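K.L.:
No letters, just coordinates:
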């Protein structure tokens, strides 16, 4: 019977008036067919719901646009030039420009549809003067926004001491933006075409409304499966394969140690060729005894470094157990200071973090770490979080299990450290600040991701009046935060007894401040007075700020030390505050900062 009933044809998008070659009038849509617009192809497809076909003899171009959508794209494109945390080059600005314009286009179409629904009228074809007004206004606004954007970028570069500026890339940014916008529009229209075909097919057996609803569900589900399964997992698989090959190589200038005090050396339980690229870098570098003696002006010991790579053992637990056995072999538990480091991504250990620890301890120390992934940090940040948790927990628990059985007067001082995803894994072994204080002699975390459980707990429960960029938690009794330890660690004048937990975080570090919540809600760190290297003109906008900070993530280390996600000489004052080594003078700290600033 469904075949004999009249059916509404499935046609071009509703909620917008087409303009271009052969633009045609469009019809109303159903409210349940229009999801909220977001910056992905599905948003454009969702915003443009089915309409009657164009009039006979009129054909629309594939990239036809609508006036409401264009106004939305224009407004959002202009807002994309507002400053974020880091300076943006021409290519990055072009991508941000194109993506935010696509968001605005979808929202403009959605807004027009909502207005027509309340006005209870069909869409009308825009008059010629309306398009003329848009073109003139748009041209003026874009020129002004582009100029302001360049000024803001100059101000950010000046804050960070950056002199690099590529005019050709700035000139290329509009073309990059146009390409990104058109690509999103094309993908969205392709998804819409798939929906129309499915709805038409389903309408043979079920009602029109049901066919429309089921069609959208199928398209959205298929898109999710393709993106999360085929594309994302395929990309991760390819990258994992590529970096696993790199893991078998050794960096130039790195050689197998000749000392038995390092993994991979004589008598080591961990073979040199199983350490991986980053493991061999960690083991094969670091200050020598003479380097440390030149700094301390007194006899020093050779530091112990122990590492277990992915090829060393099959699981995090077995790699941790192997590392502990090698640590026992080297006499690491007999040293005065013992450091447990959770690596980032492909097994990287920040050399500035460990070198500083070894200098301040006079070499009387041991450091242990394990690898949990082949992938670089920025990919691990997205897909390997659970591996970081498992590795951090397994390593610390294994170390603590041996350490706790030693006589109290024969135990080394136990410290924990990690940068970025390493801080995320490092927190995994503890339930809170008291647990950390009871089981360690000090903790130093740098650049903690915003999703760190304990970091968020401490920050969210900060004292009234303290800013999110440098919070004060429980009067600094155990846990403290600092943007720059050389200027002091707040709260000044408050006692900081027992084990100390310190977080280093730059106001301009997108790793620290990025969160999906940026899409719909303003964070405190934007509403409050900004940090020293963030422009006062930065403000929060729905959707746009999220994409701007997201675009900052891949380039978070491409700035000078002391900004973004670059932590270097800050470790000197951070470790000095956490370890409290004896006999270190202000001049010693100044000298060590110069030494560590050269480490990379």
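P.N.:
Cool, got the structure. All of these numbers come straight from a predicted model, not from anything done at the bench.
K.L.:
Can you pull out the low-pLDDT segments for this protein?
P.N.:
1-63, 228-233, 378, 382 (pLDDT under 70).
K.L.:
now the strands for it?
P.N.:
13-14, 18-19, 49-50, 65-66, 304-308, 337-341, 365-370, 413-419, 442-446, 479-482, 500-504 (DSSP state E).
K.L.:
Give me the residues contacting the last one.
P.N.:
Applying CB atoms under 8 Å, 6 or more residues apart in numbering, the set of residues contacting strand 500-504 from outside is 423, 433, 436-437, 442-448, 455, 458, 478-482, 485, 489, 567, 570-571, 574, 577-578, 580. To be clear about C-beta, it is placed using only N, CA and C from the backbone, and glycine gets the same treatment.
K.L.:
which neighbours does that strand have in its sheet, and in what orientation?
P.N.:
strand 442-446 (parallel), strand 479-482 (parallel) (DSSP bridges).
K.L.:
how close does residue 278 sit to residue 375?
P.N.:
11 Å (CB to CB, to the nearest Å).
K.L.:
shared neighbours of these two, anything?
P.N.:
Contacts common to residue 278 and residue 375, judged by CB under 8 Å, 6+ apart, are residue 346.
K.L.:
follow-up on the earlier one: nearest to residue 213, out of the strands of the chain?
P.N.:
Closest to residue 213 of these, according to CB to CB: strand 49-50, at 11.5 Å.
K.L.:
ok, back up a step: could you turn the buried ones of the contacts of strand 500-504 into a ChimeraX selection?
P.N.:
To isolate the buried members of the contacts of strand 500-504 in ChimeraX, using 16 or more other CB atoms under 10 Å:
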select :423,433,436,437,442,443,444,445,446,447,448,455,458,478,479,480,481,482,485,489,567,570,571,574,577,578
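K.L.:
number of nearby residues for residue 579?
P.N.:
22 (other CB atoms under 10 Å).
K.L.:
correct me, but it touches residue 442?
P.N.:
Yes: at 6.1 Å, residue 579 counts as touching residue 442 under the criterion of CB atoms under 8 Å.
K.L.:
any residues in contact with both of the two?
P.N.:
413, 415.
K.L.:
measure residue 490 to residue 192 for me?
P.N.:
For residue 490 relative to residue 192 (CB to CB), the value is 54 Å.
K.L.:
Of the two, give the one with the bigger neighbour count.
P.N.:
Neighbour totals were compared for residue 490 and residue 192, and residue 192 leads with 23 against 16 (other CB under 10 Å).
K.L.:
Give me the longest helix you can find in this structure.
P.N.:
Ranked by residue count under DSSP state H, the longest helix found in the chain is helix 167-202.
K.L.:
contacting residues for residue 281?
P.N.:
251, 254, 348, 351.
K.L.:
Please repeat the previous calculation with a cut-off of 10 Å.
P.N.:
250, 251, 253, 254, 275, 307, 347, 348, 349, 351 (CB atoms under 10 Å, 6 or more residues apart in numbering).
K.L.:
Ok, residue 198 next?
P.N.:
10, 211, 212, 214, 215, 216, 217, 218, 219, 222 are the contacts of residue 198 under CB under 10 Å, 6+ apart.
K.L.:
ok, for the third one, nearest residue in space, not its chain neighbours?
P.N.:
Pointing back at residue 212 there. Computed as CB to CB, 6 or more residues apart in numbering, the closest residue to residue 212 that is not its neighbour in sequence is residue 199, at 5.2 Å.
K.L.:
my read: that neighbour touches residue 207, true?
P.N.:
No: counting by CB atoms under 10 Å, residue 199 stays clear of residue 207, with 11.0 Å between them.
K.L.:
more crowded one of these two?
P.N.:
Shown here are residue 199 and residue 207; by other CB under 10 Å, residue 199 has more neighbours (22 against 13).
K.L.:
Now for residue 199 and residue 207: what residues contact both?
P.N.:
residue 213.
K.L.:
Residue 313 - nearest residue in space that isn't next to it in sequence?
P.N.:
residue 319 (4.3 Å).
K.L.:
my bad, should have said residue 436
P.N.:
Residue 436's closest residue in space is residue 430 (CB to CB, 6+ apart), at 4.7 Å.
K.L.:
residue contacts, that neighbour?
P.N.:
Listed by CB under 10 Å, 6+ apart, the contact set of residue 430 reads 392-393, 396, 416, 436-440, 443, 453-454, 501.
K.L.:
switch to 8 Å and redo it
P.N.:
So residue 430 contacts 436, 439, 454 (CB under 8 Å, 6+ apart).
K.L.:
just residue 496 next, same as before
P.N.:
Here residue 496 is in contact with 476, 477, 480 (criterion: CB under 8 Å, 6+ apart).
K.L.:
List just the nearest of the residues you listed to residue 294.
P.N.:
Nearest member of these to residue 294, counting by CB to CB, is residue 480, at 31.4 Å.
K.L.:
Report the beta-bridge partners for the closest one.
P.N.:
Counting by DSSP bridges, residue 480 forms beta bridges with residue 502.
K.L.:
Settle this for me: it is touching residue 490, isn't it.
P.N.:
Yes: Residue 480 is in contact with residue 490 according to CB under 8 Å; the separation is 7.1 Å.
K.L.:
so what sits against both of these two?
P.N.:
With CB under 8 Å, 6+ apart, residue 480 and residue 490 have common neighbours residue 472.
K.L.:
how much space between residue 216 and residue 331?
P.N.:
65 Å.
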